[in-house]
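A.B. asks: would you be able to build a 3D model of this:
(one chain, ligands or ions: 1)
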Amino acid sequence: MKFKFLPNTIVNDKLVSFVDANISIANHGFQYGTAAWGGLRVRVLNDGDKKSFQLFRLDEHVKRIYEASKMLFLNEVDSEKFTEEYFKKKILEFVNVNKEVETDFYIRPIIYSDGIGPMPDLDDEKSFCVYGVELGDYLDSKGISLSVSSFRRQEDVMIPTRGKISGAYYTAVAAKAEAKARGFDDALMLTQNGKVSEGSAMNIFMVRDGKLVTPLGTDGILEGITRKSVLEIAKYLGIEVIERQIDLSELMYKSEEVFLTGTAARLTPCVKIEHINLQSDFKMMNQIKQELEKIYSGENENFKNWITEVGMI
Ligand code: PMP
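C.D. replies: Here you go, the predicted model:
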C-alpha cells in the first residue's frame, strides 16, 4: 500500500514539514517502545464555497492520549505542559496547518520519550508530535476472516492495553503477520486464559440471542472509542448491550453476527473464523452503522457533541 502523508506536522510546538520531522536513532521511544499514540479520522467536507473538517469524538481521543501519557510517568514539569487542553490545541492546530488537503485523513498524535542515553528510563524528556496520512476504507466491507492467534494479549500487569503504548503493539503486528501468512485478513487475540479479547487492532462484538455482546475492559482490550460509540448507539436504538467475557466457542458456533470496530477500520463484518464460515446478514451491525452515518451528517441531533467541525472559508 502506498501512503500519502500530510505535508505538515507539529513537533514540540513547531510546524515542521513531514519529511523534516525526524528523531534520533538513539531515541528512547524508538528503542524501548516508551511512547503512546492516538488515531483520529477526519472527514473533509467541501461544497465548493465552504470547506470544513469533521473530527469524530475529539474530546474522547484527547482524554485517551492524556491518560496514556500518564503511563509514561511524566514528571512534574511534563505534567504541567502535557495537559488535555494542550493535546487538543495541537491536534486542532495540525488540522489548520493542513487545510489544503482534500481527502479524508487519519491523524496520529504521539507522546514519546525523547531521551537518548543508553539506559532505559522514564525520567527522560518527553516530546509530542502530530502527523497525518490520507485514509479511505482499507478493509473489505463485505467481511473479513480471522485466524485464532497463537500470540495472546498481554496482561494489564505486563503492558497495559488501555492506552496505545507503542511497545505493546509488537503483539498486534506479530499476530497480524501470522494471520496473513496463514491466509487470513486479521488475527483474533485471546486473553491469557483463553477468553476472546479483540482483533489485532480492532475491538470485537458478537450478537447472541439478539443482544449485543462485547468483551470487558478487563479482557486485555484497548478501550476503543468506536467500541464505546457503538455501545452508546445500540443503547439509544433500544438494543440490549452486555459487556462480559466471551468464549471462543460462542463466537464461532453460537453467534448471529460478529463484527469488529476501530477508528481506521470503522465497523467491519467478520465472515469467517478459522475454518468456520459465519452466515449472517449483519442486520444489527448495519443498523448501528446507519445511525452512525446520521450522526456524521448531523441528522441525529442527540449526538451532535460527538462531532467537532473545524471551519475554513
Ligand atoms: N484495539 C486496538 C489494539 C487498537 O489499536 C485500536 C485502534 N486502532 C482499537 C482496538 C480500536 O480503537 P478505536 O475505536 O478507539 O480506534
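A.B. asks: in the lowest-mean-pLDDT helix or strand in the chain, what counts as buried?
C.D. replies: None of the helices or strands of the chain scores lower by mean pLDDT, DSSP states H and E than helix 76-81, at a mean of 82. Buried residues in helix 76-81, counted by 16 or more other C-beta atoms under 10 Å: residue 78. C-beta: built from backbone N, CA, C; applies to glycine.
A.B. asks: contacting residues around it?
C.D. replies: With contact meaning C-beta atoms under 8 Å, 6 or more residues apart in numbering, helix 76-81 is reached by 70, 126.
A.B. asks: run the chain-centre distance for it.
C.D. replies: 26 Å (C-alpha atoms, centre = their mean, to the nearest Å).
A.B. asks: can you show me the CA trace of that helix as PDB?
C.D. replies: The C-alpha trace of helix 76-81 is given here as PDB (Å, rounded to 0.1, in the frame of the first residue of the first chain):
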ATOM      1  CA  GLU A  76       6.000  17.300  37.200                       C
ATOM      2  CA  VAL A  77       7.300  19.600  34.500                       C
ATOM      3  CA  ASP A  78       5.900  17.400  31.800                       C
ATOM      4  CA  SER A  79       2.600  17.000  33.600                       C
ATOM      5  CA  GLU A  80       2.200  20.800  33.700                       C
ATOM      6  CA  LYS A  81       2.900  21.000  30.000                       C
END
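A.B. asks: helix or strand for the most far-flung residue of the chain relative to its centre, which one?
C.D. replies: In the chain, counting by C-alpha atoms, centre = their mean, residue 49 sits farthest out from the average C-alpha position, at 32.3 Å. Residue 49 is part of no helix or strand, with elements assigned from DSSP states H and E.
A.B. asks: state the pLDDT value of it.
C.D. replies: Looking at residue 49, its pLDDT is 83.
A.B. asks: cool, residue 135 as well?
C.D. replies: pLDDT at residue 135 comes out at 89.
A.B. asks: next: residue 121.
C.D. replies: pLDDT, read off for residue 121, is 86.
A.B. asks: for residue 227, give its distance to residue 28.
C.D. replies: 30 Å (C-beta to C-beta, to the nearest Å).
A.B. asks: done for today, thanks.
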